[in-house]
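>>> any chance you could fold what I've pasted below:
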Amino acid sequence: MILSNVAIHQAIDAGDLAITPEPLPRQNSLANPDESPYATTSVNLRLDSALSIGDVKKPFCIDLRTKGIAQLLSQAYRPHVMDERGGFSLEPHLFVLGKTLETVTLPIRPERPVYAARVEGRSSFARCGLLIHFTAPTIHAGWDGPITFEIMNLGPHPIMLFPKMQICQLIFETVQGTPLRADSQFQGQRTPAGTK
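Below you'll find the model as predicted:
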């Protein structure tokens with residue numbers, strides 16, 4: 001079952017999920033009908049200034065059978081911090097890693113509701129060719145950390161990215177039963193490449 005905006009607010013208030021800092025305001029005002037990051041069944045999250053860009057000057061072949069992909073990515077990608085005013089021009093067919101400005105926490109606690117989430121792109125951005133995830137939209141129950149984006153420009157023109165832009169939407173779902181913990185290698189990640 002997908003949570004409505006009201007149910008998302010109730011889950012935040014009850015401590016059953018956390019988004020830090022909390023997206024505000026919870027509702028639009030008459031003066032500004034587009035200021036709230038909440039749609040009826042999702043909440044928009046913002047892009048952090050940190051990006052990881054593939055270093056094409058380094059000869060590198062990623063073996064996906066290897067454990068510890070985060071360590072491999074930290075060798076194959078170079079960090080880049082976007083300028084608040086100048087942003088970053090995402091050229092056609094360029095692939096970069098980014099992350100949310102917000103930290104998302106989906107605790108697993110006995111006798112409490114448990115949630116998972118899905119990160120999705122925004123339709124207006126997708127129509128310009130901006131892809132923000134590849135085949136990996138699931139944020140599992142027990143997650144705690146920022147969410148990494150696999151960002152690519154599939155359109156014919158450069159797309160400007162800026163820190164704090166609302167780049168994605170997060171959709172929350174109820175988990176049936178209390179799951180056993182099975183943290184991923186990226187649990188607690190702090191960089192777009194997935195290192196702590």
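>>> which residues touch stretch 10-21?
With Cβ atoms under 8 Å, 6 or more residues apart in numbering as the test, stretch 10-21 has contacts from 3, 8, 22, 43, 45, 101-107, 109, 112-115, 170, 172. Any C-beta I mention is one placed from the backbone N, CA and C, and that applies to glycine too.
>>> the top helix by length along the chain: what's the following helix or strand?
Ranked by residue count and defined by DSSP state H, the top helix of the chain is helix 5-14. Downstream of helix 5-14, the next assigned helix or strand under DSSP states H and E is strand 18-20.
>>> give the buried residues for that following strand.
Neighbour-count burial for strand 18-20 flags I19 (criterion: 16 or more other Cβ atoms under 10 Å).
>>> show the subsequent helix or strand relative to it.
With DSSP H and E, the next secondary element past strand 18-20 is strand 43-46.
>>> who are the packing partners of that following strand?
Applying 3 or more Cβ pairs under 8 Å, 6 or more residues apart in numbering; DSSP states H and E, we find strand 43-46 packed against strand 166-174.
>>> buried residues in the strand it packs on?
Neighbour-count burial for strand 166-174, with 16+ other Cβ under 10 Å as criterion, is recorded at 167-173.
>>> buried members of the contacts of stretch 10-21 into PyMOL, please.
Selection of buried members from those for PyMOL, criterion 16+ other Cβ under 10 Å:
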select buried, resi 3+8+43+45+101+102+103+104+106+107+113+114+115+170+172
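>>> all strands of the protein, in order?
For the chain, the strands defined by DSSP state E cover 18-20, 43-46, 50-54, 77-81, 88-90, 95-99, 103-105, 115-121, 130-131, 138-139, 144-145, 148-153, 159-161, 166-174.
>>> which residues does the second one contact?
In other words, strand 43-46. So strand 43-46 is contacted by 5, 8, 19, 23, 37-38, 100-102, 104, 119, 122, 147, 163-170 (Cβ under 8 Å, 6+ apart).
>>> from the middle of its chain, how far away would that strand be?
8 Å (Cα atoms, centre = their mean, to the nearest Å).
>>> ok so, going back, what's the closest of the strands of the chain to Q189?
Nearest to Q189, of all those, is strand 144-145, at 5.0 Å by Cβ to Cβ.
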